[in-house]
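Engineer: any chance you can model this:
(one chain, ligands or ions: 1)
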Amino acid sequence: MQTISSPRPSHDFDMDDWRSGYRSQPNEYAYEIEDIDGTIPAELTGTLFRNGPGLLDVAGHPVHHPFDGDGMILSIAIAKGKAFFRNRFVRTEGYLKEQAAGKPLFRGVFGTQKPGGPLANAFDIRLKNIANTNVIYWGGKLLALWEAAEPHQLDPITLETLGLDYLDGVLKPGEAFSAHPRIDPNCTKADASVGTTKEPRLVNFGVKTGLSSTITLYEFDFKGRLVHTHNRNIPGFAFLHDFAITPNYCIFFQNPVSFNPIPYLAGIKGAAECIQFNPKQPTRAIIIPRDGTSPIQTIDLQPCFVFHHANAFETDSKLYLDSVCYQEFPDLKGAKNYLEADFSRIPEGQLWRFELDLATNTGQAQCLIERGCEFPDLNPNHVGRPYRYVYIGVAHQPQGNAPLQAVMKRDLITGQEDIWSFAPRGFAGEPVFVPKPHGTAEDDGWILCLFYNAERHCSDLAILDAQNITQGPVATLKLPHHIPYGLHGNFTQDLAFDR
Ligand code: CO
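Structural biologist: I've put the predicted structure just below:
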């Protein structure tokens, strides 16, 4: 059963509306948000941080793909019914050099080239650490993440860039540290003075890939101290953007893709444009025990391409993993650039559940959400555990590929789907679930969703009551400017409003 609510009648989105959310935002702001519809819940306290490309051009030269845009962090600090907005670019080495030069000096992984054609780009294999994918507050540090290199540390209040961060010597210069860490909410810790205690732990990975791949796993305690690390080697090229955890395992999907570096080296294509999807090969689940010593298990599954996993959990000898799957690699299918993308030619993401049987080494898959979707989230207290509700960005129309314009809450037990849509002129970003401070039910909380409102050419933060999303936002915080479509973020209750 589905309940869909939208303030306006449904019809197709307008491509120019969609494109207008991809204009650069070169300005940096800091102000209290004054224009609010509804009321910010009085108990909602903390800070939403979000990352994404802030510039879609360098000095007038457009990027080929938004994933190549310079990272810009925003924070919305909320307390006592008020909200304070701030945004700042991450002062990466590449951003500073290009802004000073007034022209592009680096190639982008997703196909942005320096001016001057292939001759100017051939054999330039330097990576520009653009710090644009995620931002997380952990161990007293605010870190901007980009999966192919080390994090940048920022001041959590002013968002000023403090520099590259090596996690107290854990990382070497240039070492990969994924933009998708997972927080295990409830790790058992043996402590001689107090017996067994429970504490949250940040689990993350870095991958080095070529003909074979090395995955390095890291676990940090809540003070940011490394408690455990180990390396595992797997055969073949591996494009690993995300992973999932359970109390005992880290689970990766090795997509059935190969990498032909020649067009990249020749200066014709970006590295990610040299990825080829092989529909005859399986997608391989790689199950790595967190203890660091037990053997790896692999299970071959139907071919699909996965960027993001929603969650995983264990029961008996089975693992369950919910992932957003594409029927093939969702590249631009030959479009001149992302703004000319033909949605009808690009496969949509759908949420699938994989049941992995560790005793028989077999897997089964079942589609949970057919509607085009991306950016799943859940109650953080259920990461790695059985859970009932997933929150996810979805298309307004039930079939086919289209931009995300709505937020869905799916009940994984009953199949009930509740949707709040920002269509026709709103375009949704990643929903972030925030549990209520004294809530007991899994869905007792709010969904925070920054969406682009083409009607105003501005962005708005919607705060939805997760138990009643079809009633619409309890508060809409209207920014007096736009923020280009972003990627990932997190809410922390540890930082209150003290601007
Ligand atoms: Co991601």
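Engineer: how about the longest strand seen in the chain: buried residues?
Structural biologist: The residue-count maximum for a strand in the chain (DSSP state E) belongs to strand 195-209. Neighbour-count burial for strand 195-209, counted by 16 or more other C-beta atoms under 10 Å, picks out 200-207, 209. Quick note: C-beta positions are derived from backbone N, CA and C, even for glycine.
Engineer: averaged pLDDT, that strand. What do you get?
Structural biologist: Mean pLDDT, strand 195-209: 91.
Engineer: from residue 278, how far off is the closest residue to residue 187 other than its chain neighbours?
Structural biologist: Nearest non-adjacent residue to residue 187, counting by C-beta to C-beta, 6 or more residues apart in numbering: residue 201, 4.2 Å away. From residue 201 across to residue 278, the span is 36 Å (C-beta to C-beta, to the nearest Å).
Engineer: do residue 353 as well
Structural biologist: Per C-beta to C-beta, residue 353 is found 24 Å from residue 278.
Engineer: thinking again about what came up before, and the longest strand of the chain, what does it pack onto?
Structural biologist: Other elements packing on strand 195-209 under the criterion 3 or more C-beta pairs under 8 Å, 6 or more residues apart in numbering; DSSP states H and E are strand 182-191, strand 212-220, strand 249-254.
Engineer: show the contacting residues for residue 286.
Structural biologist: Neighbour list for residue 286: 215, 234, 251-254, 296-298 [criterion: C-beta atoms under 8 Å, 6 or more residues apart in numbering].
Engineer: got the phi/psi numbers for residue 96?
Structural biologist: For residue 96, the backbone dihedrals are phi -60, psi -40 (criterion: degrees, to the nearest 10).
Engineer: meant to ask about residue 412, not that
Structural biologist: Per degrees, to the nearest 10, the backbone of residue 412 is at phi -80, psi -10.
Engineer: can you pull the pLDDT of it?
Structural biologist: Listed pLDDT for residue 412 reads 98.
Engineer: which ones are touching it?
Structural biologist: Each residue near residue 412 by C-beta under 8 Å, 6+ apart is listed here: 322, 368, 387-390.
Engineer: who has more neighbours out of residue 353 and residue 278?
Structural biologist: residue 353 (16 against 13; other C-beta atoms under 10 Å).
Engineer: quick one: secondary structure of the more buried one?
Structural biologist: Here residue 353 takes the strand state, with states given by DSSP: H, G, I helix; E, B strand; the rest coil.
Engineer: show me where the stretch 201-350 of the chain has helices.
Structural biologist: 262-265 (DSSP state H, counting those that start in this stretch).
Engineer: strands of that one, start to end?
Structural biologist: Applying DSSP state E, counting those that start in this stretch to the stretch 201-350 of the chain gives strands spanning 212-220, 226-235, 244-245, 249-254, 257-259, 275-277, 283-289, 297-301, 305-315, 318-326, 350-357.
Engineer: as TSV, those strands with distance to residue 465 and mean pLDDT would be great.
Structural biologist: Converted to TSV, the strands of the stretch 201-350 of the chain look like this (distance: least, C-beta to C-beta, whole Å; pLDDT from 0 to 100):
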stretch	distance to residue 465	mean pLDDT
strand 212-220	33	97
strand 226-235	37	96
strand 244-245	27	98
strand 249-254	32	98
strand 257-259	40	93
strand 275-277	40	93
strand 283-289	36	98
strand 297-301	37	98
strand 305-315	21	97
strand 318-326	23	98
strand 350-357	22	98
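Engineer: and residue 493, how close does it get to residue 434?
Structural biologist: Separation of residue 493 from residue 434 (C-beta to C-beta): 8 Å.
Engineer: and what of residue 77?
Structural biologist: For residue 77, the distance to residue 434 - C-beta to C-beta - is 13 Å.
Engineer: how about residue 151?
Structural biologist: 23 Å.
Engineer: which ones are touching residue 24?
Structural biologist: 54-57, 69, 484.
Engineer: from memory residue 266 sits against residue 122, does it?
Structural biologist: Yes: between residue 266 and residue 122 a contact is recorded at 5.5 Å, counting by C-beta atoms under 8 Å.
Engineer: partners of the longest strand of the chain, with directions?
Structural biologist: Under the criterion DSSP bridges, strand 195-209 sits next to strand 182-191 (antiparallel), strand 212-220 (antiparallel) in its sheet.
Engineer: so which of those is nearest residue 318?
Structural biologist: Taking C-beta to C-beta, strand 182-191 is the member of these nearest to residue 318, at 19.3 Å.
Engineer: can you tell me the helix or strand for residue 94?
Structural biologist: helix 93-101 (DSSP states H and E).
Engineer: that helix - what's its average pLDDT?
Structural biologist: Helix 93-101 carries an average pLDDT of 97.
Engineer: in that helix, which residues are buried?
Structural biologist: Those would be 94-95, 98-99, for helix 93-101 by 16+ other C-beta under 10 Å.
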